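Enquirer: fold the following and give me the result.
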Amino acid sequence: MSAAPGLPALEPIVGRYLSLDFEGRRYRVYFEEAGEGIPLICLHTAGSDGRQYRGVLTDPEVTRRFRVIAFDMPRHGKSSPPQGFEAEEYRLTRDFYTAFVLAFADALSLDRPVVMGCSIGGRLVLNLAAQHADRFRALIGLQSSAHVAPYYDTEWLHHADVHGGEVCAGIVSGLVGPDAPAADRWETLWHYMQGGPGVFKGDLHFYKVDGDLRQRIAAIDTGRCPLFLLTGEYDYSCSPAETEEVAAMVPGALCIIMPGLGHFPMSENPDCFLAHLRPVLDRIAKA
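Expert: The predicted model follows:
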């Protein structure tokens, strides 16, 4: 229900914290949710947080059938780093990321949820499809590729001579589609400007080094778990050709190239993205 003219609108999103014991450490994990029905876990991009999924969380067509859950990975957004973080260098690995998503789903007792992830989340979706397909009802990869060739020096993302947040936003600014509304473009970049020191760089260890999945893609069986790949056409970090290459290796995968969108479709232009997402969710709900 929309608010009357002149009155503030109260969004249906509820935010909570989860204390999660994982691999010998306790993590205080923040997540937001809205809706009811089939659980839909949303994974944010490198260096950002779950606020990217605001458009999905507030869409009544989605939330009337899906319980949308967007959580901040440790060190991101409102999720705290674990105790002792100040004495270590953060580097996200494939095994940690995979196991953490499974542990989060188990902690909330989610029965065969759908997982949708973008960028590093989209890469993680492919690993879930290859190794844990039976745990999920369906998997949705946004800007999903099996690997990426390094195209810039990540040392500048955590360097005393630059402003960390602004350089992170500067790096990703060219990945936003040219048709993105100005307000959504700058909100997407603002999330990057607020990132913790070294977090974006640490995430890219997974994206550029430890998350190379080229040898695992052939193991994906869409008969066990449907796989949907949605990629914006304006993206040099995960080009349409790279997503199409993954789809060609996975019989039964549905690949959709989204015109006008870039690397952050769910936050840079939510209305346009939802027009592509809703039919996919319809298929999942009816399956």
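
Enquirer: what sits against Ser239?
Expert: The contact partners of Ser239, by C-beta atoms under 8 Å, 6 or more residues apart in numbering, come to 145, 231. All C-beta spots, glycine's among them, are computed from the backbone N, C-alpha and C.

Enquirer: now swap in Arg67 and tell me
Expert: 33-40.

Enquirer: list buried residues within these.
Expert: 33-35, 38-40 (16 or more other C-beta atoms under 10 Å).

Enquirer: let's have those residues in a markdown table, adding distance to Cys272.
Expert: Below are those laid out as a markdown table (distance: C-beta to C-beta, whole Å):
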| residue | distance to Cys272 |
| --- | --- |
| Glu33 | 24 |
| Ala34 | 20 |
| Gly35 | 21 |
| Ile38 | 23 |
| Pro39 | 25 |
| Leu40 | 19 |
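
Enquirer: quote the end-to-end distance of stretch 189-205.
Expert: 21 Å (C-alpha to C-alpha, to the nearest Å).

Enquirer: report the distance from it to the chain centre.
Expert: A distance of 14 Å separates the centroid of the chain from that of stretch 189-205, by C-alpha atoms, centre = their mean, to the nearest Å.

Enquirer: surely Ser145 forms part of a helix?
Expert: No. Under DSSP: H, G, I helix; E, B strand; the rest coil, Ser145 falls outside any helix and is assigned coil.

Enquirer: count the neighbours of it for me.
Expert: Ser145: 27 surrounding residues under other C-beta atoms under 10 Å.

Enquirer: could you dump the buried ones among the contacts of Arg67 to TSV with pLDDT and distance to Val101?
Expert: Below are the buried ones among the contacts of Arg67 laid out as TSV (pLDDT from 0 to 100; distance: C-beta to C-beta, whole Å):
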residue	pLDDT	distance to Val101
Glu33	98	16
Ala34	98	20
Gly35	98	19
Ile38	98	17
Pro39	98	12
Leu40	98	13
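
Enquirer: filter these down to just the ones in strands.
Expert: Using DSSP state E, the members of these that fall in strands are 33-34, 38-40.

Enquirer: which among those gets closest to Asp282?
Expert: Of all those, Asp282 sits closest to Ile38, with 11.6 Å by C-beta to C-beta.

Enquirer: show me the contacts for Leu229.
Expert: Applying C-beta under 8 Å, 6+ apart, the residues near Leu229 are 140-141, 144, 243, 246-247, 253-256.

Enquirer: measure it to Gly198 for me?
Expert: Distance, Leu229 to Gly198, using C-beta to C-beta, to the nearest Å: 30 Å.

Enquirer: please enumerate the helices of the chain.
Expert: Assigned by DSSP state H, the helices in the chain fall at 54-57, 60-63, 94-107, 120-131, 164-173, 182-193, 199-205, 240-249, 265-268, 270-286.

Enquirer: Gln215: which of these is closest?
Expert: Closest among the helices of the chain, using C-beta to C-beta: helix 120-131, at 9.6 Å.

Enquirer: what packs against that closest one?
Expert: Using 3 or more C-beta pairs under 8 Å, 6 or more residues apart in numbering; DSSP states H and E, the elements in contact with helix 120-131 are strand 38-43, helix 94-107, strand 114-118, strand 138-142.

Enquirer: save these as CSV, and put in distance to Pro265 too.
Expert: Converted to CSV, the helices and strands packed on helix 120-131 look like this (distance: least, C-beta to C-beta, whole Å):
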stretch, distance to Pro265
strand 38-43, 12
helix 94-107, 20
strand 114-118, 7
strand 138-142, 6
